[in-house]
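Peer 1: what follows is a predicted structure for the sequence shown.
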Amino acid sequence: MLYIIILSILSFLSAESVNLLDANIVAQNVYTKFNNTSNEFNIEYIETISEESMNILYVYHLNPNGFIIIPSDNRA
C-alpha cells in the first residue's frame with residue numbers, strides 16, 4: 001500500500017509541462033482520429049486556462065463547432 005502511495009506522489013512530481021506547439025499536434029491528432037468527415041482541422045481560437053500563473057488546460061475552440069481540451073502537463 002505504501003508503495004502505491006509513493007509511486008503516485010512521484011508521478012505527480014515528474015510531470016512535464018506541455019508547450020503550445022505540442023498541444024497543437026495532440027489536438028490535431030485527436031481531431032483526425034474522431035472526425036468522420038473530410039472537414040479540415042480549423043481552429044477558431046485557443047483558450048488557455050491557468051491558475052496561479054500555471055497553465056492547466058488548453059481549450060481548442062473549433063470552427064464551425066466543437067472543442068478539444070488538452071491538459072498542459074503530460075501525466076498519464
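Peer 2: That came through fine.

Peer 1: this structure: strands as residue ranges?
Peer 2: Secondary structure of the chain (DSSP state E): strands located at 43-51, 54-62, 67-71.

Peer 1: okay, the ones you listed in JSON lines with mean neighbour count next?
Peer 2: Where you see a C-beta, it was placed from the backbone N, CA and C, and this is true even at glycine. As requested, those are exported to JSON lines (neighbours: other Cβ atoms under 10 Å):
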{"stretch": "strand 43-51", "mean neighbour count": "12"}
{"stretch": "strand 54-62", "mean neighbour count": "16"}
{"stretch": "strand 67-71", "mean neighbour count": "16"}
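
Peer 1: which one of these lies nearest to K33?
Peer 2: Comparing the strands of the chain against K33 with Cβ to Cβ, the closest turns out to be strand 67-71 (10.6 Å).

Peer 1: picking that back up, is it possible to get TSV of the strands of the chain that adds mean pLDDT and distance to A23?
Peer 2: Output for the strands of the chain, formatted as TSV (pLDDT from 0 to 100; distance: least, Cβ to Cβ, whole Å):
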stretch	mean pLDDT	distance to A23
strand 43-51	92	8
strand 54-62	91	5
strand 67-71	92	4
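
Peer 1: CA-only coordinates of the longest helix that the chain contains in PDB, if you can.
Peer 2: Once the chain is assigned using DSSP state H, the helix that runs over the most residues is helix 20-34. Taking only C-alpha atoms (Å, rounded to 0.1, in the frame of the first residue of the first chain), the coordinates of helix 20-34 have been written out as PDB:
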ATOM      1  CA  LEU A  20       1.500  25.100 -27.100                       C
ATOM      2  CA  LEU A  21       3.300  23.500 -30.200                       C
ATOM      3  CA  ASP A  22       3.000  20.000 -28.700                       C
ATOM      4  CA  ALA A  23      -0.600  20.700 -27.700                       C
ATOM      5  CA  ASN A  24      -1.400  21.700 -31.300                       C
ATOM      6  CA  ILE A  25      -0.100  18.300 -32.500                       C
ATOM      7  CA  VAL A  26      -2.100  16.400 -29.900                       C
ATOM      8  CA  ALA A  27      -5.300  18.400 -30.800                       C
ATOM      9  CA  GLN A  28      -4.800  17.800 -34.500                       C
ATOM     10  CA  ASN A  29      -4.300  14.000 -33.800                       C
ATOM     11  CA  VAL A  30      -7.500  13.900 -31.700                       C
ATOM     12  CA  TYR A  31      -9.400  15.700 -34.400                       C
ATOM     13  CA  THR A  32      -8.200  13.300 -37.100                       C
ATOM     14  CA  LYS A  33      -9.000  10.200 -35.000                       C
ATOM     15  CA  PHE A  34     -12.500  11.200 -34.100                       C
END
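
Peer 1: nice, that's everything, thank you.
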